[in-house]
Structures are given as C-alpha cells and as structure tokens.
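In: output the structure for:
(one chain, ligands or ions: 2)
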Amino acid sequence: MNAVMQDGFGRQIDYLRMSVTDRCDFRCVYCMAKNMTFLPRQQVLTLEELQRLATLFVGQGVRKIRLTGGEPLIRPGIVGLCRNIAALPGLRELVMTSNGSQLGRLARPLVEAGVKRMNISLDSLDGQKFRAITRNGDLDQVLGGIEAARGAGFERVKLNCVVMKGRNFDEVPALVQYAIDQRIDISFIEEMPLGDVGRSRGESFCSSDEVRTLIAGRHRLLDSTENSGGPARYVRLERHPDTRIGFISPNSHNFCGSCNRVRMTVEGKLLLCLGQEDALDLRGLLRRYPLDDQPVINAIHNALRGKPLRHDFSPEGEVQIVRFMSMSGG
Ligand code: SAM
Ligand code: SF4
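Out: Ligands and ions are numbered 1, 2, ... in the order given. Modelled structure (predicted):
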C-alpha cells in the first residue's frame, strides 16, 4: 500500500483524472465544436477496463481520482463504476466533475456509491445566455441538479465557471452572490486553448486578475493559502465565511511546479500534461496483457519519468493542442 509514483522532476503523482466518456448532452462553446464526432464504441474503454486501470493506479500510489468527461453522468453504469472505485483500498477520495444535468436523479445514488465531492459547471444564471453558452443546456434542470447535490450529502459541492468576455463576464457578481446564497465555493476558470471550437478564443479571453478586480469592487477579499489539491488559488470573502472564491489560471499563472496529477482519456491515453501532446496508450497495453498487470505498471512508471515540466499556454489563446477538453478529461 506504500507504492509511490514520481515523475522525472521529483513531483509525486497521486491524483488521477479519468474521463469516462467523450460524449455530452451539452456542447459548451469553449469545450466542443457545434458538430462533434464521437468515438466509436470499440475505441472506448469498457467499464471493466476503467475499473482495472483505477485499481492499478491506486495500487501504485494514486490517492484521489476525479471522474469526468464529456459528461460522466451520461455513461451507462456510472453509479456502479463509482461504487467499485470508491471501495478500492488506499484511495482517499473519489470525486467528480459534472454539468449537473443528471444530478436531480443521480446525486443521492452517487453519494451512496461513495463519491465524496462534486464540482458542477455553471456559467450563467440567465436561461437564454446559459443556453447560448451550452448550446443544449437547460438552466432550470442544472439549478435543480445543484439543489439535489446540496441535499444529497456530498462532503463538498463546488461550482466551476469559465469566464468569457461578451458572454458571461458581466454575470460574475451574480454568480458569486448565488454561491454565497447556496453557501458553496465557486471557481472561475480562464479559457484554455484546447481543440478548434470554431472561433478565436483570444477575443473572449478574460484573465483571473480581471475577474478578481470585478469581485473586489463588491466584496472585501482575504487572501488564503488553502489548497484543495487542485490548481485553484483561493480567496475568502470577509463577510461570507461559507464561500471561497477560486481562480484557475492556466494562462496567466502557471501552476505546473506543484502539478501532482495525470489524466486519462476514455480511449485509455494517459496524458502526462494537459498542455502537451505526450501520451501513453494504456488501452493497447490492457488488451495485449489481459491477465498481467505488470507490463502496464512498468509502462506507466516509464511514461511518468517523461512528464513534461510545464505547459505553455499563451494568453492570446490560439489553439496549440488539437484535443478538445472533453477528450482530455477536463
Ligand atoms: N461535463 C462536465 C462539466 O462540464 O463539468 C465535466 C467535463 S468538463 C470538460 C470539465 C471542466 O472543464 C468544466 O468545468 C468546463 O467548464 C471546463 N472546460 C472545458 N473546456 C474548457 C476550456 N477550453 N478552457 C477551460 N476550461 C474548460
Ligand atoms: Fe459537456 Fe462539460 Fe464540455 Fe460543457 S464543458 S460540453 S458540459 S463536457
């Protein structure tokens, strides 16, 4: 139980983000193109393969797994997969990122299955703008999902919001107020240049510093050194102790020095860095060695030695990585 995974720079890797599907019921403008082609079934890891990989990673020192996608909650069998992964000895926490659309019916079964924390994306509180950003999304359904998640017993529910000029920057104060009213945290994310989504991202790019200045015009902010094991930097609101504001700033504040994570796509590609193309084909290995984990484990340790030192996103936001976020396991 004491295995440890380390990269070539001595960073300990104990956090795995696993994509369980590339599909989604939304088509968010920053994440997907309007018309997407999804993977054929045989290229997607089966539930058994996902489970085998999770077991293997936890055996090698992973302590936290985040299931994501695409939209993880539209993968058939997701609750059973959560139950099996949550029960792995050595895993400290199983958490999830979701768009919230299915949480009305699934929040409670997920808590019962052992999912500890839930991050929910919410980019607007205006039904029309919400639909424009998600292309398919229904705001009321998502707000219902957030409510269900709050009542279901997760240890923490947190909101994620990608901020874009001309789309939802003006809604930042309202979103902060919503988080205060719900007594939950909210993180504001800079848009990353992943995949060709059919528009120039530079036009709408909004830095975390601009978002912070906007919030600071309405609330007194207290810097905080808190860290939830992810890339967010947090501030507290002087008058609202139950809500923290996070800033995830891949473009303007590089957070690679403390990177503790790797990602896995639903095709079984182990991505060593979100902002680089380096990857290991785990699906091929799993299928070549159905009964022997050791070659897979050796390949993972070898690949980790080559984990890049840092990503190089530029604020101009031109596409440098052809993968969509929904493929990368956002
Ligand atoms: N469907 C789920 C959701 O939306 O929360 C999980 C997958 S989604 C890819 C995970 C997170 O990535 C979401 O919070 C989303 O806002 C964020 N995201 C997607 N594309 C992004 C991009 N180009 N830049 C920054 N964040 C992005
Ligand atoms: Fe779907 Fe999440 Fe991507 Fe939006 S951000 S399209 S909800 S995977």
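In: near ligand 1, which residues of the stretch 1-150 of the chain?
Out: When proximity is defined by C-beta under 6 Å from any ligand atom, the stretch 1-150 of the chain lies next to ligand 1 at Cys24, Tyr30, Cys31, Thr68, Gly69, Glu71, Thr97, Ser98, Asn99, Ser121. (Each C-beta comes from the backbone N, C-alpha and C, glycine too.)
In: so the third one is in which element?
Out: Using DSSP states H and E, Cys31 sits within no helix or strand.
In: wait, it touches Met192, no?
Out: No. When contacts are counted by C-beta atoms under 8 Å, Cys31 is not listed as touching Met192 (9.7 Å).
In: from the residues of the stretch 1-150 of the chain next to ligand 1, which land in strands?
Out: Assignment to strands by DSSP state E places the following of these there: Thr68, Thr97, Ser98, Ser121.
In: so which of the residues you listed are also by ligand 2?
Out: Among these, proximity to ligand 2 is found for Ser121 (C-beta under 6 Å from any ligand atom).
In: so which residues on the protein come close to ligand 2?
Out: Of all the residues in the chain, those in contact range of ligand 2 (C-beta under 6 Å from any ligand atom) are 24, 26-28, 31-32, 69-71, 99, 121, 325-326.
In: list buried residues within those residues.
Out: Of all those considered here, the ones buried according to neighbour count by 16 or more other C-beta atoms under 10 Å are 24, 26-28, 31-32, 69-71, 99, 121, 325-326.
In: next, format the residues you listed as CSV and append pLDDT.
Out: Rendered in CSV, the data for these read as follows (pLDDT from 0 to 100):
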residue, pLDDT
Cys24, 97
Phe26, 97
Arg27, 96
Cys28, 96
Cys31, 93
Met32, 93
Gly69, 94
Gly70, 96
Glu71, 98
Asn99, 98
Ser121, 98
Met325, 64
Ser326, 62
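In: would you map the strands across the stretch 101-250 of the chain?
Out: If you assign secondary structure with DSSP state E, counting those that start in this stretch, the strands in the stretch 101-250 of the chain sit at 115-121, 156-163, 185-190, 221-223, 233-237, 240-248.
In: contacts for the fifth one, please.
Out: Strand 233-237 has contacts (C-beta atoms under 8 Å, 6 or more residues apart in numbering) with 176, 180, 185, 212, 219-224, 226-228, 243-247, 249, 253.
In: picking up where we left off before, between the strands of the stretch 101-250 of the chain, which one is closest to Arg83.
Out: Each of the strands of the stretch 101-250 of the chain has some distance to Arg83 by C-beta to C-beta; the shortest is strand 115-121, at 9.2 Å.
In: that closest one vs strand 156-163, what angle?
Out: With axes from the mean of the first three to the mean of the last three C-alpha atoms, to 10 degrees as the basis, strand 115-121 and strand 156-163 are set at 20 degrees to each other.
In: before we move on, the earlier item: any idea which of the ones in strands among the residues of the stretch 1-150 of the chain next to ligand 1 is the one closest to Asp7?
Out: Using C-beta to C-beta, the shortest approach to Asp7 within those belongs to Thr68, at 21.3 Å.
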